[in-house]
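Student: got a sequence here, can you model it:
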Amino acid sequence: MDKLLTTTEFSHLTDKPIIDNRFKFKLSDEFIIRYESVRPKWGPLGEFVYLRTYSRWIYDDDGNRRKEKWFETIRRVVEGTFNVQKKWCLDHKVTWNNHKAQKSAKIMFDKMFNFKFLPSGRGLWMQGTDAVEIKGGAALQSCAFTTTDKIGEGDVSCFEFLMDMSMLGVGVGFDTEGKGTILIKEPRYIDDIVEVDDTREGWVAALSIIMKGFINGDSIPVFDFSKIRPLGAPIKTFGGEASGPEPLISMIDKIQERLIPCIGKLISTTNIVDVMNLIGKCVVSGNVRRSAELSLGYENDEEFINLKNFEMYPEECDWQTGWRWASNNTVKCTVGQDYTHLGERIAANGEPGEIWMENIRNYGRMIDAPDFADYQAVGTNPSKAA
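Tutor: Here you go, the predicted structure:
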């Protein structure tokens, strides 16, 4: 058997630092030292939540680690924000005034330190980290949306996107528009070996290979997972601890188990949602990574409406061994329709939810007059229209 290139060679993702280390913005140490011994006014639960969720590990040269202190978190966020601004100025030949930037950054630091304002949770957790500076700003986003309407053209990027964004902690909405648009094909299994890189891109590339096998009939090689760090190993760039290769192996095996019996059939609602949910389950297994998915379907699609019918699908819906818990399933409704059938399913299972795309497209806030600002919206995600 021949050893092929690693999965990175299959990935379109690249690593480009936001800004050269020589030109990074830094708050003055003389300013920061004034806050080192000041205890923030946390309130009853603030410090607990901060240490649990937003304080990152700091590693020394010997591999020892400790949690960030509040002033260190704020420094990271402020410096990261001003680095983005500095890069924009340098890229666009706009004058960068470091004295002015220091003055503004100190005001921002003080207000954040004293809880006058704060960024989103994603901003507290990720801004100013190597993950943002090397991988880009996607990790700072809360939610995203992808459509499956290009599956019929052999495009599997919707699956890649959901896994890529989910591994960065971004909640992703997706639809079932691709159902019935292409026949599931029999992959060509080959004996060549592909090493799976121990990176987000490497895991996404492995998924891509599997999906291209079933959507386009491409080759599926033998995967070598030996490069993936073991369970419990620290993830220094993103944060948290490694899950080991087992969640990825399980996802790959389960996707094939679900799709092989469907070879020669049109891709279905169930196929699409199951693959997306299996991706979500894999991502959740990564410890600090959280997966939030929202699946959009139609009220006349009985297959979709019953995906979380526990009586019909006890294995798929089981909280521990199943995977369909990974998405909130939501029906695109029409204002004034008959909701009786949906109500019966909601009463039994709590889902599917209901959403009205015409309201998303027409209104900013329902209390205000229509502004049609989002008239191009085609979907939604776990928190907003996209």
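Student: and the helix or strand harbouring residue 194, what does it pack against?
Tutor: In the assignment (DSSP states H and E), residue 194 maps to strand 188-195. Applying 3 or more Cβ pairs under 8 Å, 6 or more residues apart in numbering; DSSP states H and E, we find strand 188-195 packed against helix 200-216, strand 219-224. All C-beta atoms are positioned from the backbone trio N, CA, C, and that covers glycine.
Student: in the shortest one, what's buried?
Tutor: Within strand 219-224, the residues that count as buried by 16 or more other Cβ atoms under 10 Å are 220, 221, 223, 224.
Student: let me know the pLDDT of the last one.
Tutor: Spelled out, it's residue 224. Listed pLDDT for residue 224 reads 96.
Student: what bridges to it?
Tutor: residue 195 (DSSP bridges).
Student: list the contacts for it?
Tutor: Neighbouring residues of residue 224 by Cβ atoms under 8 Å, 6 or more residues apart in numbering: 3, 193, 194, 195, 196.
Student: my guess is the last one contacts residue 221. True?
Tutor: Which is residue 196. No. Judged on Cβ atoms under 8 Å, residue 196 makes no contact with residue 221 at a distance of 10.5 Å.
Student: picking that back up, output the strand holding residue 194 as PDB, restricted to C-alpha atoms.
Tutor: This file holds the C-alpha atoms of strand 188-195, laid out as PDB (Å, rounded to 0.1, in the frame of the first residue of the first chain):
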ATOM      1  CA  ARG A 188     -14.300   3.400  -4.700                       C
ATOM      2  CA  TYR A 189     -12.600   2.000  -1.700                       C
ATOM      3  CA  ILE A 190      -8.800   1.800  -2.300                       C
ATOM      4  CA  ASP A 191      -5.900   0.500  -0.200                       C
ATOM      5  CA  ASP A 192      -3.800   3.700  -0.300                       C
ATOM      6  CA  ILE A 193      -3.200   5.300   3.100                       C
ATOM      7  CA  VAL A 194      -4.000   8.900   4.000                       C
ATOM      8  CA  GLU A 195      -2.700  10.300   7.300                       C
END
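Student: start at 50, not 1
Tutor: Yes, from this point I'll number from 50; that puts the last item at strand 237-244.
Student: next, the angle from it to strand 268-273.
Tutor: Angle of strand 237-244 versus strand 268-273, following axes from the mean of the first three to the mean of the last three Cα atoms, to 10 degrees, is 40 degrees.
Student: could you tell me the angle between strand 237-244 and helix 249-265?
Tutor: Here strand 237-244 points in a direction 170 degrees away from that of helix 249-265 (the same axes, to 10 degrees).
Student: ok, and for strand 237-244, which residues are buried?
Tutor: 243, 244.
Student: can you check stretch 175-192 too?
Tutor: 175-178, 180-182, 184-185, 187-192.
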